[in-house]
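Enquirer: turn this into a structure:
(2 chains)
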Amino acid sequence: MIISTLKPHITHDAASEADRSPIGALRAGESVRLGFSDGAGAVLDAELVLNGDGFERRYKMALSSGHWFCDLVPSEEPAALWYCFCLQLEEGEFWLCAGDGGRFGQLQSSRGSAFRLTVYAAGFETPAWFRRCVMYQIFPDRFARDNSDTARRGLDYHRSLGRQVKYHERWDESVDWQPNSADGFYFPLDFYGGTLRGIEEQLPYLKRLGVGVIYLNPVFEACSNHRYGTGDYLKVDPVLGTNEDFERLCKSASELGMRIMLDGVFSHTGADSVYFNRFSRYNSPGAFNAGQASPYYSWYDFRRWPDEYRCWWNFPDLPEVDEGDGSWREFVISGEDSVVRTWLRRGAAGWRLDVADELPDEALALIRRSAKAEKPDAVILGEVWEDAVTKTSYGTRRKYALGESLDSVMNYPFRSALLDFLTFRSDSRALADFLLGQRLNYPPPLYFSLMNLISSHDVERARTALATRLDARSMTREQQAGFIVAPAQDERGASMQRLAAAVQFAVPGVPSVYYGDETGMNGLLDPFDRAPFCQGERPLTDWYAALAAARNGNDALSVGAAGFSAPDPDVLTVLRAVCGGRDEFGQAAEDGVFLAVINRSACEKSIVADLWAGHAGLSGAQLRQLRDSGLSRAVCLLSGDTAAVSEGLMQLTLPPESARLYRIS
Amino acid sequence: MTESGTVTVYFGGQAHEAWTGDGLVVTYEGRLPVLAAVEGGRVRALPPTPGRAGDVKADYNASARSAELAARLNSGAVPELTASYFSAAARVAWALGGLGDASELPSVLKCELSGSLDAVILPELLRALLDERRLGWDEAMGITAACFNLRMQGTAIPGAVPLGAVAALQPRTASLINAVNEKLCSRLWDAWPGDWRRIGESAVLRDGEVCTEALCAAMCERIFCTKERRAGSLRSMYILMPAKFTDI
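Expert: I've put the predicted structure just below:
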């Protein structure tokens, strides 16, 4: 810790309107004022240095009352940008750069990290319904059977095509993981027989849980239980049911106020598909077996037909498509009866795009246009694992988060930051910095629609991660299969998962519950994170339902302004507020102020929460409205605890490993 | 507090800090002594009796300056800070004078400060405990805190004193204020890392001036103030140390 650091009176705070107005991401063509304070008048001259991919511009800064500033329009186009300040002092040239966390300035003798500045498409909007939802992710084979013989008949169908499949007679059998194919690898061919009708029968349960949108992992015909190697885009896998079953599911869900989202795997198809037909199981001229006579031949990139072709991560089962091919685009995206449009017409509310990183921006933009043309409030959600604004793939900066393609992304960085905090790999300041970083750097329409997950089909379940603190990726499948979460570990995992869920439901974005997380299921990596839905030893169903009820019943918790604070290394607070009857998007919303307080420590903690000045991320107008709203009393919606509020300050004593969600009035 | 007899208060000069085998040893050079005595219920300044040995001329000059300072202190012709320092240093000297165990000091020197120039007694007592009683930092801070509470009425205006003015009166006191400030800033940094603006607004030293309210808040055991002040100028201090505060 350096206190007598070089000229601390020269300050820049990217979360303060005094230095950056407006704070946060900008619309293309929007102006911003960037500046810094020089309390001691030490700066002789200053320039703002703005850079993006392939360019750098310098702007002269002006001085007024100890504050250097510069007004500029950073970009007329969506872009990820960075800025810092070059200062002339008596001692020479210095740089005011971004310190740890990227919020505060740090004076350096050489150029260092820059502050981020995101510019997004001027017309970017995301569906209002989506950001108010609680999401529930279902791996369709593993959620619920129905009483019919749909699954068995579906498996017979696959067998009739010559596919090897296995049916788990008992729902509580362990998942297969052992090598089961001729090449000595595990292939996911074991099915439990979950169906769309089974899901439909569970809709009342999901309604009670407060779910607003259900995201289904792939449902189209495919030879594996995860169905990521699509065999037929236009047909529900017979093991799950029929296309009519899907339409009925959507209708039933809609009657209960819920929607269904599908998983679109468009960067590749299955080799065992109508389109590639490597094994001649379909009665169609596939690219593999019919060559150039196939209408699908141009979809694929054959280096030497038929055996050498480009495939996803070199898995020959998953031949990649050429997303620039006209016939592929017509069939999958843009045609009147394209895959994208057909399923929206059949009732889907949107698409989650598998490996969005591997789809070109043009294809993603086309998907967006096609989906919105069919259903204006359809959601396009991308699978992205890293920061969605600064992500590069194949040497190119991706723009899918900037308003021209994706409405939302899977927020894996959120999961990492949250689990790091709750497993004591970081502290609350790191988490608050992370949360603030997303607030400042993601376009608001995307930010409020982020799929905030803590588990998914591709990572270990949160319960297990929190219970064991293991790095599951360091374990073999065999080790994972033999791993048992001890009761004491599970108890700790449950305690921490309560806190994780509280954060998940308190921050902007769409909290996503992976099926079985609420019931306390454990599981390491694929396939152990895809076990059949069951009750764990320590379920949290009531906890999730209470959080969802709080969120669904209070606009501020979904569409209110957000600020973050870490009053203690073990304590995180999240402030949400709607003041003046308008949400962050100017739409009508019920006024309300809420404070979520999370104490991860095994000890009781006493803290003071500062509602007026302690939560970074709020604009000056929002802070003024908070001050003027006469807040005096807080009641926890989860525990019933009360606390007094005086002059924007709340003194709280927090039990060990506790979460509180105060409504402040 | 018994204020009997005379005690010596030293002004100005230079302090030399040296780490030895016995810890930090502070020696002084060029200080101007003034005696303090209670007469008629008031603290009076008296010139010390000139020594008869050594450099007579130098002694004479020093004596003359001491006498002049004493006269000015008695007539009120000195800056308020100087008078406050004289009064505070005398009180500390009286309190410690007859005391064998410094840990008993709170029983003889317990009082409330107003957050104005009376705050100067805090670093002066700390100095005496560290340099004269040779206590460690934590113990000396603990005793100092136990002796004083801060009570700020709603309308009280916090004082701001140039650190250089304090250093001119007592350089060692100024360096201790610096040390208190750095420790407070360290806590502020832990709470608001990188937020120099907030740290600067809450620090003891702000743009070269000592904020006497912050000095008291940092060093006193308890703080009695209005909720408006707690939520205003003492906001960060309250967030850091809520247990210290009592509303009035």
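
Enquirer: in the stretch 551-665 of chain A, what residue lies closest to chain B?
Expert: A:Glu647 (3.0 Å; Cβ to the nearest Cβ). Any C-beta I mention is one placed from the backbone N, CA and C, and that applies to glycine too.

Enquirer: which SSE is immediately downstream of the helix or strand of chain B with the lowest mean pLDDT?
Expert: Sorting the helices and strands of chain B by mean pLDDT, DSSP states H and E puts helix B:56-75 at the bottom, at a mean of 79. The first helix or strand that comes after helix B:56-75 along the chain, using DSSP states H and E, is helix B:80-97.

Enquirer: touching, A:Phe331 and A:Thr342? I think so.
Expert: No. Under the criterion of Cβ atoms under 8 Å, A:Phe331 is not in contact with A:Thr342, lying 10.3 Å apart.

Enquirer: between those two, which one's more packed in?
Expert: A:Phe331 (21 against 16; other Cβ atoms under 10 Å in any protein chain shown).

Enquirer: measure that one to A:Phe266 for me?
Expert: 10 Å (Cβ to Cβ, to the nearest Å).

Enquirer: which neighbours do these two have in common?
Expert: A:Val339 (Cβ atoms under 8 Å, 6 or more residues apart in numbering or on different chains).

Enquirer: circling back to that earlier point, residues contacting the nearest residue to the residue of the stretch 551-665 of chain A closest to chain B once chain neighbours are set aside?
Expert: Using Cβ to Cβ, 6 or more residues apart in numbering or on different chains and skipping the chain neighbours, the partner closest in space to A:Glu647 is B:Ala231 (3.0 Å). Residues near B:Ala231 by Cβ under 8 Å, 6+ apart: A:Trp612, A:Ser646, A:Glu647, A:Gly648, A:Leu649, B:Tyr238.

Enquirer: how many residues are close by the residue in the stretch 1-150 of chain A positioned nearest to chain B?
Expert: Chain B sits closest to A:Phe104 of the stretch 1-150 of chain A, with a gap of 3.3 Å, by Cβ to the nearest Cβ. Using other Cβ under 10 Å, A:Phe104 has 23 other residues around it.

Enquirer: what residue, apart from its backbone neighbours, is nearest it spatially?
Expert: B:Gly194 (3.3 Å).

Enquirer: tell me the contacts of that neighbour?
Expert: A:Gly99, A:Asp100, A:Gly101, A:Arg103, A:Phe104, A:Gln106.

Enquirer: go again with 7 Å.
Expert: A:Gly99, A:Asp100, A:Gly101, A:Arg103, A:Phe104 (Cβ atoms under 7 Å, 6 or more residues apart in numbering or on different chains).

Enquirer: the first one touches A:Gln106, doesn't it?
Expert: Yes. Between A:Gly99 and A:Gln106 there is a contact under Cβ atoms under 7 Å: 3.7 Å.

Enquirer: now the host helix or strand of B:Ala218, how far from the centre of its chain.
Expert: Assigned by DSSP H and E, B:Ala218 belongs to helix B:212-219. Distance of helix B:212-219 from its chain centroid, counting by Cα atoms, centre = their mean, to the nearest Å, is 11 Å.

Enquirer: residues near the residue lying closest to B:Glu80 once chain neighbours are set aside, how many?
Expert: For B:Glu80, ignoring the flanking residues on the chain, the nearest one in space by Cβ to Cβ, 6+ apart is B:Leu117 at 5.8 Å. By other Cβ under 10 Å, 21 other residues sit near B:Leu117.

Enquirer: likewise for A:Leu209?
Expert: By other Cβ under 10 Å, neighbour count at A:Leu209 equals 19.

Enquirer: quick check: phi and psi on it?
Expert: phi -80, psi -10 (degrees, to the nearest 10).

Enquirer: right, and it touches A:Ala548 too?
Expert: Yes. With contacts counted by Cβ under 7 Å, A:Leu209 reaches A:Ala548, the gap being 6.1 Å.

Enquirer: rewinding a little: just curious, which of the contacts of B:Ala231 is nearest to A:Phe414?
Expert: Nearest to A:Phe414 out of the contacts of B:Ala231 is A:Trp612 (Cβ to Cβ; 26.6 Å).

Enquirer: circling back: please name the residues that touch the residue of the stretch 1-150 of chain A closest to chain B.
Expert: Contacts of A:Phe104 (Cβ under 7 Å, 6+ apart): A:His12, A:Asp13, B:Gly194, B:Asp195.

Enquirer: would you format the residues you listed as JSON lines with pLDDT included?
Expert: Shown next, in JSON lines, are these (pLDDT from 0 to 100):
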{"residue": "A:His12", "pLDDT": "95"}
{"residue": "A:Asp13", "pLDDT": "95"}
{"residue": "B:Gly194", "pLDDT": "87"}
{"residue": "B:Asp195", "pLDDT": "90"}
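
Enquirer: can you redo those as CSV with secondary structure?
Expert: Converted to CSV, the contacts of A:Phe104 look like this (DSSP: H, G, I helix; E, B strand; the rest coil):
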residue, secondary structure
A:His12, coil
A:Asp13, strand
B:Gly194, coil
B:Asp195, coil
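
Enquirer: okay if I get those residues as JSON lines plus distance to A:Thr126?
Expert: Shown next, in JSON lines, are the contacts of A:Phe104 (distance: Cβ to Cβ, whole Å):
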{"residue": "A:His12", "distance to A:Thr126": "30"}
{"residue": "A:Asp13", "distance to A:Thr126": "28"}
{"residue": "B:Gly194", "distance to A:Thr126": "32"}
{"residue": "B:Asp195", "distance to A:Thr126": "32"}
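
Enquirer: which parts of chain A sit against chain B?
Expert: Residues of chain A lying near chain B by Cβ under 7 Å from any Cβ of the partner chain: A:1, A:3, A:8-9, A:11, A:13, A:39, A:99-101, A:103-104, A:429, A:567, A:606, A:608, A:610, A:613, A:646-649, A:651.

Enquirer: buried ones among these?
Expert: When the residues of chain A next to chain B are checked for burial by 16 or more other Cβ atoms under 10 Å in any protein chain shown, the buried set is A:8-9, A:11, A:13, A:39, A:99, A:101, A:103-104, A:429, A:567, A:608, A:610, A:613, A:647-649, A:651.

Enquirer: which of the residues you listed fall within helices?
Expert: Counting by DSSP state H, these place A:Arg429 in helices.

Enquirer: out of the buried ones among the residues of chain A next to chain B, which sit inside strands?
Expert: A:Thr11, A:Pro567, A:Val608, A:Asp610, A:Leu649, A:Gln651 (DSSP state E).

Enquirer: show me which of those is closest to A:Ser639.
Expert: A:Gln651 (16.6 Å).

Enquirer: now do the contacts for the closest one.
Expert: A:Val608, B:Pro242.

Enquirer: any weak-confidence spans in the chain?
Expert: In the absence of a named chain, chain A is used. A:1-7 (pLDDT under 70).

Enquirer: wait, chain B was what I had in mind.
Expert: B:1-4, B:50-62, B:154-156.

Enquirer: what does it put close to chain A?
Expert: Counting by Cβ under 7 Å from any Cβ, chain B sits next to chain A at B:182, B:185-186, B:189, B:193-197, B:200, B:207, B:227-228, B:231, B:235, B:238-239, B:242.
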